[in-house]
Every structure is written in structure tokens, then in C-alpha cells.
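A.B. asks: have a look at this prediction, sequence included:
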Amino acid sequence: MRPDIRTRGFSLIELLVVMVIIGLLAALVGPRFMQYIKPARQEAARAQIENFGKALDSFYIHVGRYPATDEGLNSLVAQPAGIEKWKGPYLAKSVPKDPWGKEYVYRSPGEHGEYDLLSYGADGQPGGEKENADVTSWESGERH
């Protein structure tokens, strides 16, 4: 007796063929997708540094100086001790980590201006190229 077409399932061969096709597609698309992810992280770091720059400028306008290195970027969300003119928070949320999950580096006074703000990129080390390149406030068009 022939089984009803509605109750017939997939054979093991059919399932294996579909899995191989899905695997081949993933192998072709995956590396191309990753080519777009790496530059996007650099752009996200640049955008965050620009947002920090705006918040730091607001801090400067109210307090008359940029936060010291030991006060750090947290002074943009929580009032540092002894600062009466603070009118923050200057950031809507807590200070995020860079797109690679590391802390941003903030120094004031900086070597390249009144403050230096940077991410060391994917490798977390100074210097580097491509996705390992540093993203800095003084090279990203941010003024200070």
C-alpha cells in the first residue's frame, strides 16, 4: 500500500543534502559579512568618541575645565566630589565600553590637546593597522 502524500516525511539523504547546501551558503556568506563588521566597529568607536567630545565640551562650559584624568569619563554621568558647577549628567546612560568591549582611554591634560580620548582597536594595544588601528579624538575630526 502506498503512503498518503501528506504523511510522508523527508528521507535522511534529503536532509543531508539540505544541510550541505546551508553549510556551503554559510561558508560563502560568512567571510563577506565579516568584512563589513570590522569597519563598522571602527565607525562606532569614532561616533562614540565624538559623542564623548560633545559631553566633555558641555562639562567644560559648566565647570570651566575638562575632567582630570583621575575623574575620567565617569564625571560625565556622576558629579565628582568638590565640583559645585556640575550640571550633568552629560551622557544619557553610563559610559559604554568601546565596540571591542574595552574601556576608552581618557587623559587630561592630553598629549594632543586639552584631553586625549581613544580606543586601542581590536587588539587593545597602541598602534596597529586596519581593525587593530587606534581610534582617537585628535584624528577623528573631534576638536578640543
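C.D. replies: Happy to help now that I have it.
A.B. asks: please make it C-alpha for all contacts and neighbour counts, starting now.
C.D. replies: OK.
A.B. asks: any weak-confidence spans in this structure?
C.D. replies: For the chain, the stretches flagged by pLDDT under 70 are 1-7, 33-37, 140-144.
A.B. asks: tell me which residue is most central in it.
C.D. replies: P99 (2.3 Å; C-alpha atoms, centre = their mean).
A.B. asks: give me the nearest residue to it, chain neighbours excluded.
C.D. replies: Closest residue in space to P99, ignoring its immediate chain neighbours: R41 at 5.6 Å, by C-alpha to C-alpha, 6 or more residues apart in numbering.
A.B. asks: which other helices and strands does the helix or strand that contains the one you found contact?
C.D. replies: Of the helices and strands defined by DSSP states H and E, R41 is found in helix 12-63. With contacts defined as 3 or more C-alpha pairs under 8 Å, 6 or more residues apart in numbering; DSSP states H and E, the secondary structure elements packing on helix 12-63 are strand 116-119, strand 135-136.
A.B. asks: JSON lines for these, including distance to P126 and mean neighbour count?
C.D. replies: Listed next are these as JSON lines, based on distance: least, C-alpha to C-alpha, whole Å; neighbours: other C-alpha atoms under 10 Å:
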{"stretch": "strand 116-119", "distance to P126": "9", "mean neighbour count": "22"}
{"stretch": "strand 135-136", "distance to P126": "10", "mean neighbour count": "23"}
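A.B. asks: kindly reformat those as JSON lines and extend each row with distance to K54.
C.D. replies: JSON lines is the format used below for those (distance: least, C-alpha to C-alpha, whole Å):
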{"stretch": "strand 116-119", "distance to K54": "12"}
{"stretch": "strand 135-136", "distance to K54": "14"}
